[in-house]
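Participant: next input, structure requested:
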Amino acid sequence: MQKADLHSHTIASDGTFTVRQLIERAKAKGLAALGITDHDTVAALAEALEEGKRQHIEIVPGVEISSVHEGKDVHVLGYYIDIQNQVFLERLEELREVRGRRNKMIIARLNELGIDITLEEVEERKKEKAGNIGRPHMAELLMEKGVVSSMKEAFDKYLGSTGAAYVNPPRISPQEAIDIIQAAGGVAVLAHPGLYKNPKLVKSLIEHGLQGIEVYHPDNDEDDMRLYGALADEHNLVKTAGSDFHGTRNDEIFHADLGARTITMDTVCRLRELSKKA
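Facilitator: Numbers count the residues shown, from 1 in each chain. So this is what the prediction gives:
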């Protein structure tokens, strides 16, 4: 049965693979379709759609929009958005500006904790200068400096929602993220709900018009998959799956390898059909 991995990142945001490398890896893993969902940018999608045709693998164009609920990150995936929509592109640019301010705040917090790290050093780790800087780039540098021994330790100790350097400036709400995606003709899917530990939030987003839930993700445990799978079935939402592959840093894969979480091509067809009805 043909499979799709609907959550991955390129060097346009905080992945380490180019578009071509990512698609080559997806093909080597036997995937029929790949969702490319960079953070707050669609910069890689035009190239990806062409490269997908060349390598005979279907590319599901996507984006992962950053939002905040009660001071915590909430990410909303958008599929089959109109990547030429100027209003949408302007909103993404605004989100990237907030991301830049956040990066400076995190670096300042790390400095306060006695860690010698600068934003310039982080930026030097970025393979694609036009792309977004994110926490994985910082985690990679913390590993290289010997401050932590793994990506997991970097996020658990410093960069994750309970980490000592975690900060979150005001951003849009997840409800606004849903609206932005749908206004651009896309399908709004809540990413990795297991990270939020907040079923009440998920239910409120369903009431707001959420169209899908990423039920199968490396950070969703068995209880999460049962809970959110049941919620999706109850409300006739699309159940998606994705590895959230960011490439490798210091030979460590983050979050999981391509194909670690997959869904059937029927789901890709359903996402496409929902976008046509937008």
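
Participant: which stretches in the stretch 151-278 of the chain count as helices?
Facilitator: Per DSSP state H, counting those that start in this stretch, the stretch 151-278 of the chain carries helices over the ranges 151-154, 174-183, 199-208, 222-234, 265-276.

Participant: of those, flag the one that's most buried.
Facilitator: With neighbours defined as mean count of other Cβ atoms under 10 Å, the helices of the stretch 151-278 of the chain peak in mean count at helix 174-183, which reaches a mean of 22. (Each C-beta comes from the backbone N, C-alpha and C, glycine too.)

Participant: centroid-wise, who is the farthest residue in this protein?
Facilitator: Here the centre of the chain is the reference, and by Cα atoms, centre = their mean the most remote residue is G114, at 29.9 Å.

Participant: so G62 is in which element?
Facilitator: Per DSSP states H and E, G62 falls inside strand 58-69.

Participant: beta-bridge partners for the closest residue in space to P170 that isn't next to it in sequence, please?
Facilitator: Among residues not flanking P170 along the chain, V68 sits closest, at 7.2 Å (Cβ to Cβ, 6 or more residues apart in numbering). In this entry, V68 is beta-bridged to D73, by DSSP bridges.

Participant: how near is V68 to Q55?
Facilitator: Taking Cβ to Cβ, to the nearest Å as the measure, V68 falls 37 Å from Q55.

Participant: just Q175 next, same as before
Facilitator: Using Cβ to Cβ, Q175 is found at 37 Å from Q55.

Participant: show me what contacts the closest residue in space to P61 that isn't next to it in sequence?
Facilitator: In this structure, P61 finds its nearest non-sequential neighbour in L45, 4.7 Å apart by Cβ to Cβ, 6+ apart. The contact partners of L45, taken as Cβ atoms under 8 Å, 6 or more residues apart in numbering, are 36, 59, 61-62, 83.

Participant: and L45, how close does it get to L190?
Facilitator: L45 sits 21 Å away from L190, going by Cβ to Cβ.

Participant: the most centrally placed residue in the chain pairs with what?
Facilitator: Residue closest to the average C-alpha location in the chain (Cα atoms, centre = their mean): E64, at 4.5 Å. For E64, the beta-bridge partners under DSSP bridges are H39, L77.

Participant: quick check: mean pLDDT across whichever strand or helix holds M138?
Facilitator: Following DSSP H and E, the helix or strand that holds M138 is helix 135-144. Helix 135-144 carries an average pLDDT of 93.

Participant: residues in contact with it?
Facilitator: Under the criterion Cβ under 8 Å, 6+ apart, residues 14, 103, 106-107, 110, 115, 117, 121-123, 125-126, 148-151, 154-155, 158-159, 246, 249-250, 254 lie in contact with helix 135-144.
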